[in-house]
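Student: Predicted model and sequence below, questions to follow.
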Amino acid sequence: MATRPVSDPSLSLFRLLDPAVLADPYPLYARLRTEDPVYWDPYLHSWVVTRYSDVHAVLHKFSADRTPSPDMMRALGLGSIEPIAAVMVKQMLFLDPPNHTILRKLCSTAFTPRRVEALEERVLSVANRLIDAALAKGEMDVMADFAEPFPSIVFAHLMGVPEEDHLQLKRWSADYAQMLGNFSHNPDGIAQVLKSTADMIAYFQHAIHSGSLNDGLVKSLVEAEIDGQKLTEEEVIANAIVTMVGGQETTTNLIGCGLLTLLRQPGKLAELRDRPEIMDSAVEELLRYESPSQHTSRIVTEDTLMGGKLLRKGQPVMAVMAAANRDPERFADPDALDFERKDNRHMAFGWAAHFCFGAPLARMEGRIAFRLLLDRLTDLSLPEQKLAWRENLGLRGLKSLGVTFG
């Protein structure tokens, strides 16, 4: 029987449960890259890779098919969370080709550059409407008043469901994201995730059978045929859920963390306000600097030597994209915010077959959000406050962010 590697427990990603480490995980990531870049995490029972080259290799070569089946859940005595597993095993996020390829092709049609460009006027209107409301109040919690409702309103339209449902969709997304971004450390939260999963399934079932769907992603999935075969209703709903959750959480956290970064570096905020022509590259740099999705998991497909360690077939691996995005071997002066950084091929949207197909929409939403927030909220500043980070260890985001403005 193979022995487990001996590892320094102080390098474990489990330390993200410490609020101080969660608030600034980058020193921990730097230690991992320097001291043990291919690290066996004794608490998570997983390999953890943090160098750019290794993260790239893991995302490119290893398997995404990592969700236990409902039958396996029952065999492990975890039958209570079987309904979640039943949804996850049908989601493209947890599939390899060819099944992943088919589902991705269908879902990505909603996010082609042409379709995203056609959404721009609607996205501008939503952003301006939310800023109008904040100006009328004279104060703003960036998260509650803008970063959370903004993408959820856009996504309701994109999915083909009523815009007025956006608050409920966002609450469900945040609950479900606990399963996508966290380690299994919070059993008390499972009941809420189960309820939200059941509610989302019922919501989409009703939308499909009532004939109330507008043109959008869900209707496209229902009507799609591949070689004469149609997706099952379970496949349609499962992938509508994961697309909605991923799209909302990424943009919410890009806006919240990105604006906090700018407010902490007023010179950079002024530079971006004064030079709107660099907005596209600034969004890319903010994605690299504060990656909304911090890490993802894969399964080793065959015995592999990496960083002098032997990774055995079937073992789990956590690829920490946020650490790769600050690797000094790949990015010069990686802890500095540089809006004109050259060759900024970050991994905030993943890599290879599972690269986020919603990236064009997230980028457009980010560009519009930062431009309007900086243009319309004059004398924007960060008042003294205790920042609270969401207890989601993989999807980095703030609970609230109060700002003042003229």
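Tutor: Right, received. Where do you want to start? Numbering: from 1, shown residues only.

Student: Show the average pLDDT along stretch 102-113.
Tutor: Averaged over stretch 102-113, pLDDT sits at 76.

Student: List the buried residues for that stretch?
Tutor: I102, L103, R104, L106, C107, S108, A110, F111 (16 or more other Cβ atoms under 10 Å). Yep, even glycine has a C-beta here, placed from its N, CA and C like the rest.

Student: contacting residues for A198?
Tutor: P83 (Cβ atoms under 8 Å, 6 or more residues apart in numbering).

Student: before we move on, back to that, next, format the buried residues of stretch 102-113 as CSV and append secondary structure and distance to W351.
Tutor: Below are the buried residues of stretch 102-113 laid out as CSV (DSSP: H, G, I helix; E, B strand; the rest coil; distance: Cβ to Cβ, whole Å):
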residue, secondary structure, distance to W351
I102, helix, 20
L103, helix, 18
R104, helix, 14
L106, helix, 21
C107, helix, 18
S108, helix, 16
A110, helix, 21
F111, helix, 17
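
Student: Report the contact partners of the residue lying closest to F146 once chain neighbours are set aside.
Tutor: The shortest distance from F146 to any non-neighbouring residue, by Cβ to Cβ, 6 or more residues apart in numbering, is to L130 (5.0 Å). Applying Cβ under 8 Å, 6+ apart to L130 gives the contacts D145, F146, P149, F150.

Student: Farthest-apart pair in the buried residues of stretch 102-113, please.
Tutor: Put simply, by Cβ to Cβ the two of those set farthest apart are I102 and F111, 16.2 Å from each other.

Student: and which of the contacts of L130 is nearest A85?
Tutor: Using Cβ to Cβ, P149 comes nearest to A85 of those, at 30.7 Å.

Student: neighbours of the closest one, just the number please.
Tutor: By other Cβ atoms under 10 Å, the residues close to P149 number 20.

Student: how much space between it and A127?
Tutor: Separation of P149 from A127 (Cβ to Cβ, to the nearest Å): 10 Å.

Student: and stretch 266-275, which residues are buried?
Tutor: Buried, per 16+ other Cβ under 10 Å, within stretch 266-275: K268, L269, E271, L272, R273.

Student: separation between the nearest residue to M318 once chain neighbours are set aside and G397?
Tutor: Among residues not flanking M318 along the chain, V48 sits closest, at 4.8 Å (Cβ to Cβ, 6+ apart). Applying Cβ to Cβ, the value for V48 to G397 is 21 Å.

Student: still on that earlier bit, just the closest of the buried residues of stretch 102-113 to D215, please.
Tutor: Out of the buried residues of stretch 102-113, the member with the shortest distance to D215 (by Cβ to Cβ) is A110, at 10.2 Å.

Student: ok, back up a step: pLDDT, secondary structure and distance to K61 added to the buried residues of stretch 266-275, as TSV?
Tutor: As requested, the buried residues of stretch 266-275 are arranged in TSV below (pLDDT from 0 to 100; DSSP: H, G, I helix; E, B strand; the rest coil; distance: Cβ to Cβ, whole Å):
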residue	pLDDT	secondary structure	distance to K61
K268	97	helix	36
L269	97	helix	40
E271	97	helix	39
L272	97	helix	37
R273	95	helix	42
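
Student: Return the member of those residues nearest to P316.
Tutor: K268 (37.5 Å).

Student: I'd guessed the closest one sits against E340; true?
Tutor: No. Judged on Cβ atoms under 8 Å, K268 makes no contact with E340 at a distance of 11.5 Å.

Student: check contacts around M92.
Tutor: Taking Cβ under 8 Å, 6+ apart as the criterion, M92 is in contact with N99, H100, L103, R104, C107, N239, V242.

Student: Do I have it right that the fourth one meets G358?
Tutor: No. Taking Cβ under 8 Å as the contact criterion, R104 and G358 are not neighbours in contact, 11.1 Å apart.

Student: which residues of the stretch 201-350 of the chain fall in strands?
Tutor: 225-226, 229-230, 296-299, 304-306, 309-311, 316-319 (DSSP state E, counting those that start in this stretch).

Student: mind checking which of those strands is nearest F94?
Tutor: Among those, the nearest to F94 by Cβ to Cβ is strand 296-299 (9.4 Å).

Student: need the contacts of M92 in JSON lines with distance to A191, can you?
Tutor: As requested, the contacts of M92 are exported to JSON lines (distance: Cβ to Cβ, whole Å):
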{"residue": "N99", "distance to A191": "30"}
{"residue": "H100", "distance to A191": "30"}
{"residue": "L103", "distance to A191": "29"}
{"residue": "R104", "distance to A191": "32"}
{"residue": "C107", "distance to A191": "29"}
{"residue": "N239", "distance to A191": "24"}
{"residue": "V242", "distance to A191": "21"}
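
Student: Cheers, nothing more for now.
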